[in-house]
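**Q** need coordinates for the below:
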Amino acid sequence: MFDFQYYAPTRVVFGKEAEMQVGDLVKMYGGNRVLVHFGGQSAIRSGLLDRVKESLDAAGIFHVELGGVVPNPHLGKVREGVQLSKEHGVDFILAVGGGSVIDSAKAIAYALADPENDVWELFAHTRNAKGCLPLASVLTIAAAGSEMSNSCVITNELTGEKRAYDDDLSRPKFAIMNPQLTATLPDYQTQSGCVDIMMHTMERYFTNGGNMELTDELAEGLLRTVIKYAKVLHEDPENYEARAEIMWASSLAHNGLTGCGNDGGDFASHLLEHEMGGMFDVTHGAGLAAVWPSWARYVYKEDLHRFVRYAEKVMGVVREDQMTDEDMALAGIAAMEDFYHSIDMPVNMSELGIHPTEEQILEMAASCARAVGGCIGSAKVLHEEDMIKIYKMAL
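**A** Numbering: from 1, shown residues only. Next comes the predicted model:
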């Protein structure tokens, strides 16, 4: 195992009607003038936004709202939020939504803490953040894990670039998690979220280098739990216990816990999907499901023992007579595809509904290689030519 630091400072308030505590929590963390940032009309129609504003009013906290965040959140909306926040002297950002809203809120918070510089420079990795306004979330989608992570991803809609920036400065002060708030999601969004949760864990699991037995067991238990309850929600979307299990898994999958003791993770599948999202605006979790099987079949021989363990411990593959380690690894990958299909997730780009041309594949691979400085990966280090091959396998 490798040495590690584990830092997860976010306060979690979990349970029914937890959103009614938002005003007191904002006050606890020094917020006086709040930007309430949200996505589409669902937060309004459900009454959630009104409940949040009522709680802020009861605590005597000024607030201004900005909606309109879309999946694969746009830089233009970030800039709009920065301008609105400057006009109203905002000192705290509250995201009401899922990962896209939280990521947009983080980018706004970075920009407000360093108004002399362009926030996109962080995502282009030409400088590091100097500060970040305090922020928090009322979570409505279990998926990205942004509510406890140091990560955010923004799409520059003018260039088609989808880029991530990671810094502990953006760790939210608190996360309000009421599983009931996810009950109105379409099944496609719920299942895409489940895939994203699993991938945040799997990116840290399939590594070459150090591993820690306890971390592996935690990761495997989390993955089995998501598989179990994703299927439950596919059949019974109103099941509160299943939604609670998935919501907590979302946070634990991406707050650093499942990477303790390893080399930091692989994350090639995420970076490959970012290019798909930037070019085709696909749902992130579904995009990950579409690219992961091809990535897995391309790299498994370089990380065989981890794929064998995954097949046994997570997918429940039983080794039959004459089965080699390679057979086990491939059986585990096939079992994962079966699971994706069982929750109506794609296993290739055609099933996802996109059909990149040769030129677009080359463009995505070149952009991905530039974004990662030439290569990415732990299970197997991938260069641009490898990325091209994986994209083609995933067609």
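**Q** need the per-residue pLDDT for T140.
**A** We have a pLDDT of 96 for T140.
**Q** ok, it - contacts?
**A** Residues near T140 by Cβ atoms under 8 Å, 6 or more residues apart in numbering: S42, A43, L48, V96, G97, G98, L181, T182. From N, CA and C alone the C-beta is placed, and that goes for glycine too.
**Q** show me which residues of the one helix or strand I388 maps to are buried.
**A** Counting by DSSP states H and E, the element that carries I388 is helix 384-393. Residues of helix 384-393 classed as buried by neighbour count (16 or more other Cβ atoms under 10 Å): E384, D386, M387, I388, I390, Y391.
**Q** wait, isn't the fourth one in contact with L362?
**A** Translated: I388. Yes - contact criterion Cβ atoms under 8 Å: I388 and L362 qualify, at 6.5 Å.
**Q** coming back round to it: can you give the contact residues for the helix holding I388?
**A** Counting by Cβ under 8 Å, 6+ apart, 272, 291, 294-295, 297-298, 349, 356, 361-362, 364-366, 368-369, 374, 380, 382 sit against helix 384-393.
**Q** just the buried members of those residues?
**A** Using 16+ other Cβ under 10 Å, the buried members of the contacts of helix 384-393 are 272, 291, 294-295, 297-298, 349, 356, 361, 364-365, 368-369, 380, 382.
**Q** determine which two of those are furthest apart.
**A** P356 and K380 (22.2 Å; Cβ to Cβ).
**Q** just the contacts of T140: which has the poorest pLDDT?
**A** At the low end of pLDDT for these is S42, which has 86.
**Q** now the residue minimising distance to the centre of the chain: closest residue in space that isn't a chain neighbour?
**A** Residue closest to the average C-alpha location in the chain (Cα atoms, centre = their mean): A144, at 2.6 Å. Take A144 and drop its neighbours on the chain: the residue closest to it by Cβ to Cβ, 6 or more residues apart in numbering is G99, 2.4 Å away.
**Q** neighbours of G131, how many?
**A** 11 (other Cβ atoms under 10 Å).
**Q** about what we covered before: if I pick the residue nearest to A144, what's in contact with it?
**A** Counting by Cβ under 8 Å, 6+ apart, G99 makes contact with I141, A143, A144, G145, S146, D196, H284.
**Q** buried subset of the residues you listed as a ChimeraX selection?
**A** Here is the ChimeraX command that selects the buried residues among the contacts of G99 (16+ other Cβ under 10 Å):
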select :141,143,144,145,146,196,284
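**Q** mind naming the longest helix for the protein?
**A** helix 213-235 (DSSP state H).
**Q** how far does stretch 5-21 sit from the chain's center?
**A** 17 Å (Cα atoms, centre = their mean, to the nearest Å).
**Q** what is the end-to-end distance of it?
**A** End-to-end distance of stretch 5-21 (Cα to Cα, to the nearest Å): 31 Å.
**Q** would you check how far apart A136 and G99 are?
**A** As defined by Cβ to Cβ, to the nearest Å, A136 lies at a distance of 14 Å from G99.
**Q** strands of the stretch 101-250 of the chain, start to end?
**A** Assigned by DSSP state E, counting those that start in this stretch, the stretch 101-250 of the chain shows strands spanning 135-139, 151-156, 161-166, 174-177.
**Q** pretty sure R224 contacts V314?
**A** Yes - R224 lies in contact with V314 (Cβ under 8 Å); the separation is 6.0 Å.
**Q** the two - which one has more neighbours?
**A** V314 (24 against 14).
**Q** surely the more buried one touches T225?
**A** No - with contact defined as Cβ under 8 Å, V314 does not reach T225; the gap is 10.5 Å.
**Q** who touches both of the two?
**A** By Cβ under 8 Å, 6+ apart, no residue touches both V314 and T225.
**Q** lowest-confidence helix or strand of the protein?
**A** Across the helices and strands of the chain, mean pLDDT, DSSP states H and E gives its lowest value to helix 42-45, namely a mean of 89.
**Q** next SSE downstream of that helix?
**A** helix 48-58.
**Q** who are the packing partners of that following helix?
**A** Secondary-structure packing of helix 48-58 (3 or more Cβ pairs under 8 Å, 6 or more residues apart in numbering; DSSP states H and E): helix 22-28, strand 33-38, strand 62-66, strand 92-97.
**Q** domain map for the protein?
**A** Using automatic domain parsing, the domains assigned to the chain come out as 11-181, 187-393.
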